[in-house]
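Chemist: model the structure of this input:
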Amino acid sequence: MATMMLADQGADVIKVEQPGVGDYLRLSPFSRGGLGAFFVNGNRGKRAITLDLHQPRGRELLLSLVRGADVFVQNFRPGAVEKLGIAEADLRAVRPDLVYVSISGFGESGPYARRRVYDPVIQALSGSVAIQVHPDTGERDLVRHVICDKASALTAAQAITAALFARERGAGGQHVRVAMLDASLAFFWPDGMMAHTMVGPGVERAGPTLYQLYRLTETADGHLIYFAVSDAEFHGLFRALGRAEWCADERFRDLAARMAHTAVLEPMIRAEFRKWPTQEIIARMAAESLPVAPALSLDEVIDDPQVRHNELIVERDHPSAGRIRQPRAAARFDKTRAEPGRLAPLPGEHTDEILTELGIGAEERKRLRAEKVVG
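Modeler: Numbering: from 1, shown residues only. Next up, the predicted model:
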């Protein structure tokens, strides 16, 4: 995802895979024509080459690619790149100003450094699981998408652009290290660790944390999400629910009073919501300028009127995988417009193209395939 974001913004990204299966995300569910959906959604805009880095000639070809590259990104476990001969020192020998990026689970040292890791493990360690508590049962759960993987991707993409900018200003190439644990805890911290930010005595707690407030609201025929903070918003909520008299109730008319009577007010509000059909109460709340939305199904997300207005979802045809639907790049630039790059590549799809750019002729390419240096 990190390099896909850069590809969306104009970078020429070459994905290097081992001959054979290559990136295991290629085997993701919901596949067609040699491409899996999970792989497609993280590899738009890239070119693909297969190289056997365990063979000396495969490593030589990688070094040839690095000579013309600005950035090299790898996410092997610590120690693997040294065995393959593609550690920072190896690559900097052929490209001194290279930005070398290492993405790992826990960092390059420490008690967990050599452990294999996936997103849910980092969720458990970075606090996400701790706050995914059902408000009624107290049961914990995971965030059901790879939030830590994606937080790490965002961190890496931003760090790469910062390193390139620093290089333009004379800092030279450098080694950028992104540990999933570090990126995920930093991403989680601003709101997730509100109650653990102030150290020592004398901290005044004026109310609950955000994660204690977040919850689904049941209606007569479904669920919605709303969030009210100010007195004006709560008074608008009371009116929308048909309970305007609560605005003058001494228990609920201002923030301090509501905080003191939360245990009374919350079940009263929930009971009123269950009397209203979802769309009807949303319309009444919107008329009161309240932040509110229905809890959409995944199918409904695609057809949401604001999503459609923003032209967020793009459909294109892949030669083997058929019709593919994805969101466009989220950031919009008014001068350097980000156009959707080519769809995710098949294994080694651009091997010949890239080898030709390295000056390798047809006969040598044939020999490299016969020796299984390339796929």
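
Chemist: how is this protein partitioned into domains?
Modeler: Dividing the chain into domains by automatic domain parsing, as the record does, gives the ranges 2-191+300-370, 217-294.

Chemist: the protein: strands as residue ranges?
Modeler: With DSSP state E as the criterion, the chain has strands at 13-17, 31-32, 35-36, 46-50, 71-74, 99-104, 175-179, 217-218, 223-226, 292-294, 313-318, 322-327.

Chemist: show me how far the fifth one is from its chain's centre.
Modeler: Between the mean C-alpha location of strand 71-74 and the chain-wide mean there is a distance of 18 Å, by Cα atoms, centre = their mean, to the nearest Å.

Chemist: low pLDDT regions in the stretch 1-150 of the chain?
Modeler: For the stretch 1-150 of the chain, no stretch has pLDDT under 70.

Chemist: tell me which residue is most central in this protein.
Modeler: Against the mean C-alpha coordinate of the chain, by Cα atoms, centre = their mean, the closest residue is K150 at 2.5 Å.

Chemist: report the beta-bridge partners for V133.
Modeler: Partner residues in beta bridges with V133, using DSSP bridges, are R140.

Chemist: and the pLDDT at L210?
Modeler: At L210 the predicted local confidence, pLDDT, stands at 89.

Chemist: residues contacting it?
Modeler: Under the criterion of Cβ atoms under 8 Å, 6 or more residues apart in numbering, the contact partners of L210 comprise D191, M194. Glycine gets a C-beta too; all of them are placed from N, C-alpha and C.

Chemist: just E108 next, same as before
Modeler: P78, S102, R177.

Chemist: that older thread, would you check how far apart the residue nearest to the centre of the chain and A370 are?
Modeler: K150 sits 40 Å away from A370, taking Cβ to Cβ, to the nearest Å as the criterion.

Chemist: now do A195
Modeler: 63 Å.

Chemist: who's more crowded, the two?
Modeler: Neighbours around A195 and A370, counted as other Cβ atoms under 10 Å, are more numerous at A195. The numbers are 13 against 9.

Chemist: just checking, that one touches T209?
Modeler: Yes: with contact taken as Cβ atoms under 8 Å, A195 and T209 are classed as touching, separated by 5.4 Å.

Chemist: what pLDDT, on average, does stretch 311-320 get?
Modeler: When the per-residue pLDDT values of stretch 311-320 are averaged, the result is 94.

Chemist: send the alpha carbons of it over as CSV?
Modeler: As requested, the backbone C-alpha atoms of stretch 311-320 are provided in CSV (Å, rounded to 0.1, in the frame of the first residue of the first chain):
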residue,chain,number,x,y,z
GLU,A,311,-16.4,10.0,-7.9
LEU,A,312,-14.6,7.9,-5.4
ILE,A,313,-15.1,4.5,-6.9
VAL,A,314,-13.6,3.8,-10.2
GLU,A,315,-14.3,0.8,-12.4
ARG,A,316,-11.9,-0.5,-15.0
ASP,A,317,-11.3,-3.6,-17.1
HIS,A,318,-8.3,-5.9,-16.7
PRO,A,319,-7.3,-8.2,-19.6
SER,A,320,-7.5,-11.4,-17.6
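
Chemist: okay, helices next: where are they in the stretch 251-375 of the chain?
Modeler: Under the criterion DSSP state H, counting those that start in this stretch, the stretch 251-375 of the chain contains helices at 255-260, 262-273, 278-287, 298-303, 305-309, 351-357, 362-370.

Chemist: closest to T50 out of these?
Modeler: With distances scored as Cβ to Cβ, the stretch of the helices of the stretch 251-375 of the chain nearest to T50 is helix 351-357 (5.9 Å).

Chemist: got the CA positions of that closest one in CSV?
Modeler: Output in CSV follows, covering the C-alpha atoms of helix 351-357 (Å, rounded to 0.1, in the frame of the first residue of the first chain):
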residue,chain,number,x,y,z
THR,A,351,10.0,-8.8,-16.7
ASP,A,352,10.9,-8.6,-20.3
GLU,A,353,10.1,-4.9,-20.4
ILE,A,354,12.3,-4.1,-17.4
LEU,A,355,15.2,-6.3,-18.5
THR,A,356,15.2,-4.6,-21.9
GLU,A,357,15.5,-1.3,-20.1
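
Chemist: need the residues that contact it.
Modeler: Applying Cβ under 8 Å, 6+ apart, the external contacts of helix 351-357 come out as I14, R47, A48, I49, T50, L61, L65, R365, L368, V374, G375.

Chemist: let's go with 10 Å and repeat that
Modeler: The contact list for helix 351-357, computed with Cβ atoms under 10 Å, 6 or more residues apart in numbering, reads 14, 16-17, 19, 47-51, 61, 64-65, 68, 345, 348, 350, 360-362, 364-365, 368-369, 374-375.

Chemist: Produce a PyMOL select command limited to the buried residues of those residues.
Modeler: This is the PyMOL syntax for the buried subset of those, where burial follows 16 or more other Cβ atoms under 10 Å:
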select buried, resi 14+16+17+19+47+48+49+50+51+61+64+65+345+348+350+360+365+368+369+374+375
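
Chemist: got a list of what the residue lying closest to R243 once chain neighbours are set aside touches?
Modeler: Using Cβ to Cβ, 6 or more residues apart in numbering and skipping residues adjacent in sequence, the residue nearest R243 is E272, 6.1 Å away. Contacts for E272 (Cβ under 10 Å, 6+ apart) come out as L237, F238, A240, L241, G242, R243, W246, I281.
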